[in-house]
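J.: need a 3D model of the following:
(one chain, ligands or ions: 3)
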Amino acid sequence: MCGVVGIVSHSPVNLSLYDALTVLQHRGQDAAGIVTLDEGNFRQRKANGLVSDVFQQKHMRRLRGNIGIGHVRYPTAGSSSAAEAQPFYVNSPFGIALAHNGNLTNARALKVKCDEVHRHVNTTSDSEILLNIFAWQLSKVAKDIPTPDEVFEAVSGVNELISGGYAVLSLIIGAGLVAFRDPFGIRPLVLGSRVDEDGKIEYMVASESVALDVAGFKLERDIAPGEAIFIDEACNLHSKICAKNAKLQPCIFEYVYFARPDSVMNGVSVYASRVRMGTKLAEQIKRDYADLDIDVIIPIPETSCDIAVQMARILGKPYRQGFVKNRYIGRTFIMPGQKQRKKSVRNKLNPIPAEFAGKKVLLVDDSIVRGTTSEQIVDMAHEAGAKAVYFASAAPEIRYPNVYGIDMPTAKELIAYGRTKEEICKKIHADELIYQSLKDLEDAVREENPELKEFETSVFTGKYITPGIDKEYFDYLDKQRSDDAKADKAWNEANEDLEIYNI
Ligand SMILES: O=P(O)(O)OC[C@H]1O[C@H](OP(=O)(O)OP(=O)(O)O)[C@H](O)[C@@H]1O
Ligand SMILES: NC(=O)CC[C@H](N)C(=O)O
Ligand SMILES: [Mg+2]
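T.: Ligands and ions are numbered 1, 2, ... in the order given. Here you go, the predicted model:
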């Protein structure tokens, strides 16, 4: 799940973009980049690493201009190579830079299309393909610096061709900033504004509202599904729905895990939705597991903390932070390889034995995906002297791959794949395992915004809302992106850094 940010201002944007990327870091830890537009030229810095490592003072000085976009990357396509860090750039037409959160499910067909129309794509990134499709559409409709209508026509053309989940920010030399969201609004994108010292309006677009907060912008609204907005260099905003049959069906996993709790997306506070997940999970325990003898409730930091506090309140049990999190280690789930993920759990979380010794503990996590965390953490609780270890997950069983921007490409890597709840419980060595139902999870999010009728929930149901997600596609994903494939020497050689950074 990458993070994207863009600002159109009357003063330099480099520092605000940097600040915004630091609060979107939880969405991508592999690479970061900023492109600004300075008097008709792009300025760029991008590299592998965390935001604080990628941008040094000399880079910040280089990033001049009052308009720019930024990206933090968590790869879901292609490789982790520095050449696939974003934003991407093409020089024709006009000069376009683009940053993308999401995943294109018809990238193979789009690559063939690019070849046909003689647009060269140099990496294995789906985002570079998206940029070239956008550039191609723009070249068809705009013979000179594009007007807002021409930009919207190009985005409509893109929406006709591409499939998957996407929230996109793009800079066009001489024109301004374009932002668009996929027709289901699977990936999040919000718009904010602020008034500068001279009373002039400025705009910011970002994956999450927390980025607006830190840069001093006020959340205006979500970009609608299928909507494109165009902000010219003078800060005039234009918008249009550019997709047929657009309908909001946002990814529910944003609320479960990805987004920061202090963000508001699709009219729902992520924090409040997690508290409600805690309420519903606790009510299920009261109802269906009345005999469960719980001494203490312990979260698995960090995302599940808000859920566990609420469960403790509803169940009337003490809440204890029984695991100490090493704050210098990032999120485990979004690390690129299973070896690294597995190792990082023990490096990241360490138990306080006094909270476990002789107690029956209920461990709470937001989700169980590969089981990397739960398998080790239950053992750690036992080793610390727990008498019984129960485990509760605020999300239901994850049995199906994600194809819209979360790197779960293959079902067989998921712990719930082909296993019953009892088998999963045994595999993680827990004494009891409780999963939230999908209805309760959906209700927990929906409660704050009844207009939110449906969600993108394919990881729980196996039902995909875009066409072409079939066995052949999953076989392809398995070959390309499974942990086994990525551990293969030939894969790594084929995907090494090309050292062509396209600017
Ligand atoms: O079953 P798994 O494959 O282990 O994935 C699920 C775990 O990964 C995530 O934590 P992560 O460490 O990424 O981030 P957090 O600190 O925000 O909880 C999530 O919160 C679960 O704890
Ligand atoms: N997580 C994402 O949004 C990834 C964006 C894009 N598919 C990439 O791999 O770079
Ligand atoms: Mg976690």
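
J.: ok, Glu397 - how many residues close by?
T.: 22 (other CB atoms under 10 Å). Where you see a C-beta, it was placed from the backbone N, CA and C, and this is true even at glycine.

J.: so what's it up against?
T.: Ile368, Ala416, Lys421, Ile424, Tyr435, Phe460 (CB atoms under 8 Å, 6 or more residues apart in numbering).

J.: list the contacts for the residue of the stretch 301-450 of the chain at minimum distance from ligand 2?
T.: Residue nearest to ligand 2 within the stretch 301-450 of the chain (CB to the nearest ligand atom): Gly405, separated by 4.3 Å. Gly405 makes contact with Met1, Cys2, Thr76, Asn101, Gly102, Asn103, Gly164, Gly165, Tyr166, Ile186, Arg187, Cys251, according to CB under 8 Å, 6+ apart.

J.: pick the one among those closest to ligand 1.
T.: Among those, and counting by CB to the nearest ligand atom, the member closest to ligand 1 is Met1, at 10.9 Å.

J.: how far away is the closest one from Ser207?
T.: Note on Met1: its distance to Ser207, by CB to CB, to the nearest Å, is 8 Å.

J.: what sits in contact with each of those two?
T.: Shared contacts of Met1 and Ser207, counting by CB under 8 Å, 6+ apart, come down to Arg27, Asn101.

J.: domain ranges for the protein?
T.: For the chain, the TED database gives the domain ranges 3-249, 270-326+344-452.

J.: quick one: is the last one near ligand 1?
T.: Yes: Domain 270-326+344-452 comes into contact with ligand 1 when judged by CB under 6 Å from any ligand atom, the residues involved being 300-303, 365-374.

J.: just the buried residues of these.
T.: 300-303, 365-374 (16 or more other CB atoms under 10 Å).

J.: so which of those residues are in strands?
T.: Those of those mapping onto strands are Asp365, per DSSP state E.

J.: run a quick neighbour tally on the closest residue to Lys359 other than its chain neighbours.
T.: Counting by CB to CB, 6 or more residues apart in numbering, Lys359 lies nearest to Asp295, which is 4.2 Å off, once chain neighbours are set aside. Asp295 has 17 neighbours, counted by other CB under 10 Å.

J.: average pLDDT across the helix or strand hosting Asp475?
T.: Taking DSSP states H and E as the definition, one finds Asp475 inside helix 471-481. The average pLDDT within helix 471-481 is 91.

J.: in that helix, which residues are buried?
T.: Those would be Tyr473, Phe474, Leu477, Asp478, Gln480, Arg481, for helix 471-481 by 16+ other CB under 10 Å.

J.: what's next to it, contact-wise?
T.: Thr76, Ala77, Thr105, Arg108, Pro401, Val403, Asp407, Pro409, Thr410, Ala411, Lys412, Ala485.

J.: let's see it at 7 Å
T.: Applying CB atoms under 7 Å, 6 or more residues apart in numbering, the contact partners of helix 471-481 are Thr105, Pro401, Pro409, Thr410, Ala485.

J.: I'd like the next helix or strand past that helix.
T.: Per DSSP H and E, the first helix or strand lying C-terminal to helix 471-481 is helix 483-487.

J.: so how far is that following helix from its chain's centroid?
T.: 22 Å (CA atoms, centre = their mean, to the nearest Å).

J.: listing request: residues of the stretch 351-500 of the chain with sub-threshold pLDDT.
T.: The stretch 351-500 of the chain contains residues with pLDDT under 70 at 489-498, 500.

J.: that older thread, got the contacts of helix 471-481 as CSV, with distance to Arg341 and secondary structure columns?
T.: Formatted as CSV, these follow (distance: CB to CB, whole Å; DSSP: H, G, I helix; E, B strand; the rest coil):
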residue, distance to Arg341, secondary structure
Thr105, 24, coil
Pro401, 17, coil
Pro409, 14, coil
Thr410, 15, coil
Ala485, 16, helix
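
J.: wait, is Lys439 part of a helix?
T.: Yes: under DSSP: H, G, I helix; E, B strand; the rest coil, Lys439 falls within a helix.

J.: how about the residues of the protein near ligand 2?
T.: That would be 1-2, 73-78, 100-103, 125-127, 405, which are the residues of the chain within reach of ligand 2 (CB under 6 Å from any ligand atom).

J.: again, only using 8 Å
T.: The chain comes close to ligand 2 at residues 1-2, 27-28, 73-78, 84, 86, 100-104, 125-127, 165, 187, 405-407, as judged by CB under 8 Å from any ligand atom.

J.: and Ala290, which of the three is it?
T.: When classified by three-state DSSP, Ala290 comes out as coil.

J.: please disregard the earlier target; I meant Glu150.
T.: Following three-state DSSP, Glu150 is assigned to helix.

J.: let the chain start at 25 from now.
T.: Yes, from this point I'll number from 25; that puts the last item at Glu174.

J.: how close does the closest residue to it other than its chain neighbours sit to Val182?
T.: Nearest non-adjacent residue to Glu174, counting by CB to CB, 6+ apart: Ala166, 4.3 Å away. According to CB to CB, Ala166 and Val182 sit 13 Å apart.

J.: settle it for me: which of those two has more neighbours?
T.: Each of Ala166 and Val182 has its neighbours counted (other CB under 10 Å); Val182 has more, 23 against 19.

J.: wouldn't Ile448 be in contact with Ala440 here?
T.: Yes: counting by CB atoms under 7 Å, Ile448 does reach Ala440; the two are 5.7 Å apart.

J.: quick one: which of those two has more around it?
T.: Neighbours were counted for Ile448 and for Ala440 using other CB under 10 Å; Ala440 has more, 24 against 21.

J.: which residues does that one contact?
T.: Here Ala440 is in contact with Ile392, Glu421, Ile422, Arg423, Ile448 (CB under 7 Å, 6+ apart).

J.: how about it, phi and psi?
T.: Main-chain torsions, Ala440, degrees, to the nearest 10: phi -90, psi -10.

J.: name the nearest residue to it, sequence neighbours excluded.
T.: In space, Ala440 is closest to Glu421, 3.9 Å off (CB to CB, 6+ apart).

J.: so how far is ligand 1 from that neighbour?
T.: Distance from Glu421 to ligand 1, counting by CB to the nearest ligand atom, to the nearest Å: 11 Å.

J.: and if you look at Arg88?
T.: For Arg88 relative to ligand 1 (CB to the nearest ligand atom), the value is 35 Å.

J.: wait, that residue touches Arg67, no?
T.: Yes: applying CB under 7 Å, one finds Arg88 in contact with Arg67, separated by 5.7 Å.

J.: which strands or helices does the helix or strand encompassing Val234 pack on?
T.: Following DSSP H and E, one finds Val234 within helix 233-239. Counting contacts by 3 or more CB pairs under 7 Å, 6 or more residues apart in numbering; DSSP states H and E, helix 233-239 packs against helix 38-47, strand 214-219, strand 225-230, strand 242-246.

J.: which residues does it contact?
T.: 29, 40, 43-44, 47-48, 214, 216, 228, 230, 242-243, 284, 286-289.

J.: quick check: PyMOL command selecting the buried ones in those.
T.: Buried residues within the contacts of helix 233-239, by 16+ other CB under 10 Å, are selected in PyMOL with:
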select buried, resi 29+40+43+44+47+48+214+216+228+230+243+284+287+288+289
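
J.: still on that earlier bit, which of the contacts of Gly429 fall in strands?
T.: Asn125, Gly126, Asn127, Gly188, Gly189, Tyr190.

J.: any low-confidence regions in this protein?
T.: Ranges of the chain meeting pLDDT under 70: 513-522, 524-527.
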